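S.K.: No letters, just coordinates:
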């Protein structure tokens, strides 16, 4: 490995303008400053402000506070733009937060609010699509033109890159967690029934195990460990999750024919214990279809921030 | 209605170069000459030549024979190009017939064969995608940027238009008929199990009714008529077909968020008896998703030929 490639791995963003990225989650808001070398500085995680109907505006004010804080903490670095990411249904092109059930907003004109309240040019986009874009431009999805990036954690979300372009569907595309795998399945938080994430998310694996056994567990990782130790309920739930995930990936293969499906998020940390049986199951379902490579994400937990930084840099390039 | 729009409806292709379109099916080959006004002339349907390993070459020779026949029959019309369409897995960009189980070929370099044996510039593409392109450029899919065109007949095939561009996935995309809706479902001709077309195609509706009752029927139309007359087996099979189709459309909504799904082919001739209950079922499955309009195709049974003519005109434009 050359020194240059080692540096690239440590600083995947690469050189460019200094920018700020803010990734607003349902619970916490993560923020970081990226310098011109692509170094991530001053990473912080603070509770997302919640003000009922005023939450969206409070979020925008928080971004401006964070900007001022970075200016105070890193006076020699002069960021040129901000990349703001929020969850829910987001229309990047129109700059509108269409819906966040979690943060209780609908149809918020974020592009306008950021222009009024943040003293730097600010891009506005979707947390998972930005994380997917980081994988697509800098990570495991980079070798592919048509590729789906899935994040499997509490829920399941995805982003689509089709013939080398992001497809957003007005903010509604890529919701693979809410693709129905079993219309008679569990009721989903979204109101539909049998969505993939009610069976195959890390959150669902925990919930279903606790419901079936009455035994609390610390996470999907513990359910997997119990399955490996021969626990029948854990084995069944883990296997059902793999089957549902394999079915959704097989459906993607038939419809979109992606070259690869890249999987990140908490569940992907299971490594080969997830990827090996998942690949086997997808393989068994398909016939003439183009078989996607199924590979782990490479950027890690800060993919959202890196995606936000990429978008911010695009704005001032 | 103005005279101009009446003419447009009668001649949806519009004016341009004269071209030949040849749509090679598993049973018959359809061919037509289109003049500069867009009139379809000399429409013919002949059995597709079958010569075992030599079928692909025989098909190319047949196209040249058809060209000579059109020249003899319509000496005043001088076509500038040919649009050749074949079934199976087709890589339009590479000009390769990747696979046709029906016509027993794999990896045929059609672009090269047509160059050698047809005395006009010839485009080569996929029958269903060409028909979809006709709907997208001239028909019911025209108002939409992201839209799925389904053809439901003996089988089910689809074509995808994403952000106003056709997505082919190297010839493997749009195979919605081979998206698995029930991994424990009937074995499909493709080798997989529970593909949508094993339950919801017109062919499957007939086959399943005959298997369940031992009563031969003339087509899906008759099964629908029997369902409307109170036949329990017919009602169940028709309902299962609608459920499977609604589920696949709901999955498309979650993943691609198309503005519309356009449905053509034999089953679409059922009109409101298909579209009304299908829309209700899709609606009942979805929650926050973008709800696609579900509309009938408008070009009709010669959509493939029109798509072939469009491609041929593109070649010499």
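M.R.: Cool, got the structure. As the structure is a computational prediction, the values presented were derived from the model and not from experiment.

S.K.: What about the residue of the stretch 51-200 of chain A found nearest chain B, how many residues nearby?
M.R.: When scored by C-beta to the nearest C-beta, the stretch 51-200 of chain A has residue A:169 as its residue closest to chain B, at 2.9 Å. No exception for glycine: its C-beta is placed from N, CA and C like everyone else's. Using other C-beta atoms under 10 Å in any protein chain shown, residue A:169 is surrounded by 24 other residues.

S.K.: what does residue A:106 give?
M.R.: Neighbours of residue A:106 using other C-beta under 10 Å come to 13.

S.K.: Can you give me every residue that contacts it?
M.R.: By C-beta atoms under 8 Å, 6 or more residues apart in numbering or on different chains, the contact set of residue A:106 is A:97-100.

S.K.: again, 6 Å this time
M.R.: residue A:99 (C-beta atoms under 6 Å, 6 or more residues apart in numbering or on different chains).

S.K.: And it, how close does it get to residue A:290?
M.R.: 38 Å (C-beta to C-beta, to the nearest Å).

S.K.: Just give me the neighbour total for the closest residue in space to residue A:94 that isn't next to it in sequence.
M.R.: What sits nearest to residue A:94 in space, not counting adjacent residues and going by C-beta to C-beta, 6 or more residues apart in numbering or on different chains, is residue A:111, at 7.5 Å. Using other C-beta under 10 Å, the number of residues around residue A:111 comes to 18.

S.K.: wait, is residue A:304 part of a helix?
M.R.: Yes - using DSSP: H, G, I helix; E, B strand; the rest coil, the assignment for residue A:304 is a helix.

S.K.: My read is that the residue nearest to residue A:94 contacts residue A:96, right?
M.R.: No - the pair residue A:111 / residue A:96 is not scored as a contact, 7.3 Å apart, by C-beta atoms under 6 Å.

S.K.: Which residues of chain A lie near chain B?
M.R.: A:162, A:167, A:169, A:172-173, A:175-176, A:178-180, A:190-192, A:250-251, A:254-257, A:285, A:287-288, A:290 (C-beta under 6 Å from any C-beta of the partner chain).

S.K.: one more time with 7 Å
M.R.: A:89, A:99, A:146, A:162-163, A:167, A:169-170, A:172-176, A:178-180, A:183, A:190-192, A:247, A:250-252, A:254-257, A:285-290 (C-beta under 7 Å from any C-beta of the partner chain).

S.K.: Could you give me the PyMOL syntax to select whichever of those residues are buried?
M.R.: A single PyMOL command selects the buried members of the residues of chain A next to chain B (16 or more other C-beta atoms under 10 Å in any protein chain shown):
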select buried, chain A and resi 89+99+146+162+167+169+170+172+173+174+175+176+178+179+180+183+190+192+247+250+251+252+254+255+256+257+285+286+287+288+289+290
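
S.K.: Narrow the residues of chain A next to chain B to those in strands?
M.R.: Assignment to strands by DSSP state E places the following of the residues of chain A next to chain B there: A:89, A:99, A:162, A:167.

S.K.: For the residues you listed, name the two members farthest from one another.
M.R.: Pairwise distances across these (C-beta to C-beta) peak at 23.5 Å, for the pair A:99 and A:162.

S.K.: Now do the buried residues in the longest helix along chain A.
M.R.: In chain A, with assignment by DSSP state H, the single longest helix is helix A:232-255. Within helix A:232-255, the residues scored as buried using 16+ other C-beta under 10 Å are A:233-235, A:237-238, A:240-255.

S.K.: now do stretch A:25-37
M.R.: Buried residues in stretch A:25-37, defined by neighbour count with 16+ other C-beta under 10 Å: A:25-26, A:29-35.

S.K.: same question, stretch A:201-211
M.R.: In stretch A:201-211, the ones that count as buried by 16+ other C-beta under 10 Å are A:201-209.

S.K.: What are the boundaries of the helices in chain A?
M.R.: Under DSSP H, chain A gives helices at A:3-10, A:55-73, A:110-117, A:127-138, A:197-200, A:202-213, A:220-228, A:232-255, A:272-285, A:303-316.

S.K.: How far away from the center of its chain is the fifth one?
M.R.: Read it as helix A:197-200. Here helix A:197-200 is found 16 Å from its chain centre; the criterion is C-alpha atoms, centre = their mean, to the nearest Å.

S.K.: Now do it: everything it contacts.
M.R.: Outside helix A:197-200, the residues that touch it by C-beta atoms under 7 Å, 6 or more residues apart in numbering or on different chains are A:155-156, A:177-178, A:181, A:185-186, A:188, A:204, A:240-241, A:244-245.
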